[in-house]
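> Sharing a model that was predicted from the sequence below.
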Amino acid sequence: MKNKNLRMHSGIYRFTWPYLGVDLIRDDNGEVKVYQCEVELRVGQEEDMREGKLITVVVTSYAPPGVQSFIENIATKVRIAFFDKIFHENHWDKPVVPEESIRWIEQHLYSQGNGEGRGDTSLDSILEVTMIWDAKRYAYGGASWKPIK
């Protein structure tokens, strides 16, 4: 950890997160589909800390379209919504969490969902996502994925 003044509120935070798909088409009732994914923030966990990670963020989808095309947007929104409360330095400064201390995991667990692929693990995947944080835009970009066994 670069900044020794950075403090955190350790724990596991779990919640559901909404996101929009590509097609923002209204159905017959005039409603546009809003998808949901599960998010788990593992902050200050011993196994992660041994690997130099302050936080591991796991984003899980259980049905297509999944989150892969939306991971940068989801990651940006989660970081903006939670990191300022979980990590802190001085009460007047925004915390600077070193990017190398953040691990992003993307899971597609369609076999556990309620849809057509329930029980079929062939489409399931767990990937580590690497992204670039743009401090000027305050957003993630440049996502790349590698499978996790």
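Noted; the coordinates are in hand.

> Can you list the buried residues in stretch 7-21?
For stretch 7-21, the neighbour count (16 or more other C-beta atoms under 10 Å) marks 8, 13, 17, 19 as buried. Placement of C-beta: from N, CA and C, glycine included.

> if I pick the third one, what's in contact with it?
For residue 17, the set of contacting residues under the criterion of C-beta atoms under 8 Å, 6 or more residues apart in numbering consists of 36-39, 59, 74, 77-78.

> Repeat the analysis, applying 6 Å as the threshold.
37, 39 (C-beta atoms under 6 Å, 6 or more residues apart in numbering).

> Parallel or antiparallel, list what pairs with the helix or strand encompassing it.
According to DSSP states H and E, residue 17 maps onto strand 11-20. According to DSSP bridges, strand 11-20 forms sheet pairs with strand 34-43 (antiparallel).

> I'd like the average pLDDT over the helix or strand following the strand it pairs with.
Downstream of strand 34-43, the next assigned helix or strand under DSSP H and E is helix 46-50. Averaging pLDDT along helix 46-50 gives 96.

> so where do the strands sit in this structure?
7-8, 11-20, 34-43, 55-61, 87-88, 102-108, 125-134, 139-147 (DSSP state E).

> Give me the neighbour count for the closest residue in space to residue 127 that isn't next to it in sequence.
Distance criterion C-beta to C-beta, 6 or more residues apart in numbering; nearest residue to residue 127, sequence neighbours excluded, is residue 145 at 4.4 Å. Neighbour count of residue 145, defined by other C-beta atoms under 10 Å: 14.
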